[in-house]
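> What follows is a predicted structure for the sequence shown.
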Amino acid sequence: MSRIGKAIIHIPAGVKVAVNGQNIKVEGPKGKLETNVHELIKINLDGDKLSFSRPNDEKFTRAMHGTTRALVNNMVEGVTKGFQKTLEIVGVGYRVEQKGKDLNLVLGFSHPVIFKAPEGVELKAVDPLKITISGIDKQKVGQAAAEIRKYRRPEPYKGKGVKYEGEIVRRKQGKKTGK
C-alpha cells in the first residue's frame, strides 16, 4: 500500500464532505471545493474519517491512490485554513502597487505589468517590495505565484527579480580581469 494513500484524512468540525460516486465536495468556513476522483480509486467516508482504497497494485493505480489522497487533503486544509504564498521583489526601482484586485508591477521594463487576480485568489501588495497571494485552492495560489515570478526571475549576478520568501538565489562571481 502507498504510505500516503493509506493515511486517513480526519475531517475537522465545521467541514462537510459529500461523496457522490467519484465526485467529492468539501465545504468549510472559507468556501467550497469540488473534484472528481479517478474511477479506480474507491472513497470510504466513515463519520469524520475519509480513506481511499485501490483494487490492484499496478504502478498507475498506486500513483493515483497517493495523488488522490493528497488532493483531497489539500481541499480539506484549504477550506479550513487556506493557503498563502509570499513573494519578495529585489532590485533598484522594482516595486509593486495594488490597483483594486489587481497588481501593478514595475520590474524594469519600459512599461508597467498589470497582473489580474485569477478567480478564487486574493492578491495583496503588503508593501512596495512584498506580495501576498492567498486562497483556498492550493493549485491556483501556487500557479498565480509562479506566473508573477515568471515576469522577472531572480538573476544570479545581483539577485534582482521576483523571488519566493525564503528562496535562496545562488550567486555567481562577476567578470574577472585576465591579469
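Good, I have the coordinates.
> mind listing what I24 touches?
17-18, 34-37, 43, 72, 75 (CB atoms under 8 Å, 6 or more residues apart in numbering). Where C-beta positions appear, they are placed from N, C-alpha and C, glycine not excepted.
> Sketch out the low-pLDDT regions of this structure for me.
Low-confidence segments of the chain (pLDDT under 70): 1-2, 178-179.
> Tell me where it has strands.
9-10, 16-20, 23-28, 31-36, 42-46, 49-53, 83-90, 95-99, 102-106, 113-115, 121-127, 130-135, 161-164 (DSSP state E).
> Format those as CSV; extra columns: distance to R171.
Converted to CSV, those look like this (distance: least, CB to CB, whole Å):
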stretch, distance to R171
strand 9-10, 42
strand 16-20, 47
strand 23-28, 43
strand 31-36, 40
strand 42-46, 48
strand 49-53, 44
strand 83-90, 12
strand 95-99, 22
strand 102-106, 23
strand 113-115, 25
strand 121-127, 24
strand 130-135, 21
strand 161-164, 12
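> For Y151, which of those strands is the nearest?
Between Y151 and these, the shortest separation by CB to CB is 5.5 Å, and it involves strand 113-115.
> So which elements touch the closest one?
The contact analysis (3 or more CB pairs under 8 Å, 6 or more residues apart in numbering; DSSP states H and E) places strand 113-115 against strand 102-106, helix 138-151.
> Name the residues of stretch 4-11 that come out as buried.
Buried residues in stretch 4-11, counting neighbours by 16 or more other CB atoms under 10 Å, are found at 5, 9, 11.
> To clarify, my last question referred to stretch 55-69.
Judged by neighbour count using 16+ other CB under 10 Å, the buried positions of stretch 55-69 are 61, 64-69.
> Which ones among those residues map onto helices?
Of these, the ones assigned to helices by DSSP state H are 61, 64-69.
> Turn the residues you listed into a markdown table, including distance to Y164.
Output for those, formatted as a markdown table (distance: CB to CB, whole Å):
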| residue | distance to Y164 |
| --- | --- |
| T61 | 34 |
| M64 | 29 |
| H65 | 30 |
| G66 | 25 |
| T67 | 24 |
| T68 | 27 |
| R69 | 26 |
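> Which two among those residues are spaced furthest apart?
T61 and R69, at 12.9 Å, using CB to CB across these.
> and which of the ones in helices among the buried residues of stretch 55-69 is nearest G174?
For these, the nearest to G174 is T67 (43.9 Å; CB to CB).
> so how far is K138 from the closest one?
13 Å (CB to CB, to the nearest Å).
> could you list every residue that touches the nearest residue to S53 once chain neighbours are set aside?
Nearest residue to S53, sequence neighbours excluded (CB to CB, 6 or more residues apart in numbering): K42, at 4.7 Å. The contact partners of K42, taken as CB under 8 Å, 6+ apart, are 52-55.
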